[in-house]
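> Would you be able to build a 3D model of this:
(2 chains)
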Amino acid sequence: MKYAGLLVMPTGFLIAVAALVLFPDPARRGVFVVCGLVLEAVGLAVAVRGHMPGARRP
Amino acid sequence: MTDQPLPDTLCALAAGLLVLAPLAIAGLALINAGLGRSRSAAQSLVGSLAIFSVAVIAFAVLGSVFAAPGGATFSVAGKPWNWIGGGHWLMGNFAGAAPERQLQILFECLAVALVGLIPWGAGADRLRLAAGIAVAVLTGAFLFPLFAHWEWGGGWLASLGVNFGLGAGFVDAAGAASIHAIGGLSALAIVWITGPRKSKFPREGLATAMPAHHGPFVLFGCLLALVGWLAWNAAGAILWLHAAPSALALTALNTLLAAAGALMATLVVTRLRFGKPDASLCANGWMAGLVTSSACAALVSPGEALFIGAVAGVFTPLLVELMELALSIDDPTGAITAHGAGGLWGLFAAGLFAAGRGQFLAQLVGIAAVLGLFLPLVYGLFALLNRFVAFRVDPDGERLGMDLHELGGGAYPEFVIHRDDSYR
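As a prediction, this is how the structure comes out:
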């Protein structure tokens, strides 16, 4: 699970960067950058949960 | 910022300021040593000197190539994207570079030493000296230079304003991203890879409290760091923003206010939470305030700097407590919160309060790069490095203490060293 979270995080970064190229409209660009950051936060939360000692015990 | 070279007077001023900047490193080294345990104090300080030296050499020999302006650019949708620098190898351009570039290299050499010390503190009491040095080599030769080029060397983050109309591009005058956020996230990766200290998280019950062994070290380190930070922020404003001399007093004032606001907020929060102010958490709050000032001291008003610092001072003790008690993250120096979270908050706040259309979005893209790209990259590289140079000391070494195990002698030979179970 910890690796899944860490793999999700670059996806959020790619969404933020892609928004710059794909959307000239500032509002839509802003929304997609924020979506990218939210995805990174989700990935971080999953990675943190995966590293907690309880996550390794059944 | 202009593209004109700096006048000689400003170069001289920046050089003078950079002479004081190592005090921030000295302060951080003292904080790291003081917040660790007495049986690891000598290893902590020797390690700080070793990491300083190795990181500077790695950056000078290899990293400065990737951090330098110019380099590889490719085009996407008609916009140039510069991802990596292209300087001369093996310090080939140092002597012949313009004075301004030489000062920038000096700034970056000091910065990379500071980046190396942040995860070193987080790994206190179980991270081997050889591992700390290996991490510093990787950081100095590749990780820090990559981001430094993006934001200071004309890379894609610095060009967000020109290419996409996002304010002045990603702005980070004194390294809140490249030094502190990356250092803090490296600290998180180190803590995850090495695991907690022995007996820190028992199978049942709350986490074991392992208090700082030397409060005066920690608090004096905070004061020493302030002097370094004042110099660091002013030098960064000159070198990376081409700030006028008339703007430097305000930058220094904002640095002071951010630190003071953070300390008072932490003092109040810990007083309310625990009944008495907590010295270690106050030190963390002070450092978090200084870290936020790295991002925004040159960009915001004094009232805003005070507010930004105060917010950092509120979330620092809460986040430190959350990480220890709820998330089982053993970070003895609070580096992940003070440097990582503090740096990210400073970058966010700089975008929130700085003038310029699109500046906020530019800061968000920079934060996305630090968090979304660098944390997984750093974790992956450190996990790979851990296979060749074991990060964690063996159980016997941890029981003896890092001083005896790695250096053959303790920092306080005339004092009795407490056993693990004395903390219970």
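> From now on I want contacts and neighbour counts done on CA atoms only, so please keep to that.
Noted.
> quick one, phi psi at B:Ile84?
The phi and psi values for B:Ile84, taken as degrees, to the nearest 10, are phi -150, psi 140.
> List the contacts of it.
Counting by C-alpha atoms under 8 Å, 6 or more residues apart in numbering or on different chains, B:Ile84 makes contact with B:66-67, B:71-73, B:146, B:149-150, B:155.
> Averaged pLDDT, the helix ranked longest in chain A. What do you get?
The residue-count maximum for a helix in chain A (DSSP state H) belongs to helix A:26-51. Averaging pLDDT along helix A:26-51 gives 95.
> in it, what's buried?
Counting neighbours by 16 or more other C-alpha atoms under 10 Å in any protein chain shown, one finds that the buried residues in helix A:26-51 are A:26, A:29-30, A:32-37, A:39-44, A:46-51.
> and it, does that touch chain B?
Yes. Using C-alpha under 8 Å from any C-alpha of the partner chain, helix A:26-51 reaches chain B at A:30, A:33-34, A:36-37, A:40, A:48-49, A:51.
> wait, what's in contact with the residue most central in space within chain A?
Closest to where the C-alpha atoms of chain A average out (C-alpha atoms, centre = their mean) is A:Glu40, at 2.0 Å. Residues near A:Glu40 by C-alpha under 8 Å, 6+ apart: A:8-13, B:368, B:371-372.
> which pair in the residues you listed spans the largest distance?
Greatest spatial distance among the contacts of A:Glu40 (C-alpha to C-alpha): A:Val8 and B:Ala368, at 12.5 Å.
> Which one's more surrounded, those two?
For A:Val8 versus B:Ala368, neighbours defined as other C-alpha atoms under 10 Å in any protein chain shown are more numerous around B:Ala368 (29 against 20).
> Could you report the neighbour count for the closest residue to B:Ile118 other than its chain neighbours?
Beyond its immediate neighbours in the sequence, the residue positioned closest to B:Ile118 (C-alpha to C-alpha, 6 or more residues apart in numbering or on different chains) is B:Gly183, lying 5.4 Å away. By other C-alpha under 10 Å, 29 other residues sit near B:Gly183.
> B:Gly183: which element?
Using DSSP states H and E, B:Gly183 maps to helix B:182-194.
> what residues are up against residue 53?
Since you didn't name a chain, this refers to chain A. B:Ser328.
> Hmm, no, I was thinking of chain B.
Counting by C-alpha under 8 Å, 6+ apart, B:Ser53 makes contact with B:Ala113.
> what's the distance between it and chain A?
Going from B:Ser53 to chain A by C-alpha to the nearest C-alpha, to the nearest Å gives 31 Å.
> B:His405 too?
From B:His405 to chain A the distance is 27 Å (C-alpha to the nearest C-alpha).
> Over to B:Ile133?
Distance, B:Ile133 to chain A, using C-alpha to the nearest C-alpha: 25 Å.
> element containing that residue, please.
Element membership of B:Ile133, judged by DSSP H and E, is helix B:129-138.
> Tell me the buried residues in that helix?
Under the neighbour-count criterion of 16+ other C-alpha under 10 Å, helix B:129-138 has B:129-138 buried.
> In the stretch 101-250 of chain B, what residue lies closest to chain A?
Nearest residue of the stretch 101-250 of chain B to chain A, counting by C-alpha to the nearest C-alpha: B:Trp192, 6.7 Å away.
> In contact with that residue, which residues?
A:51, B:329.
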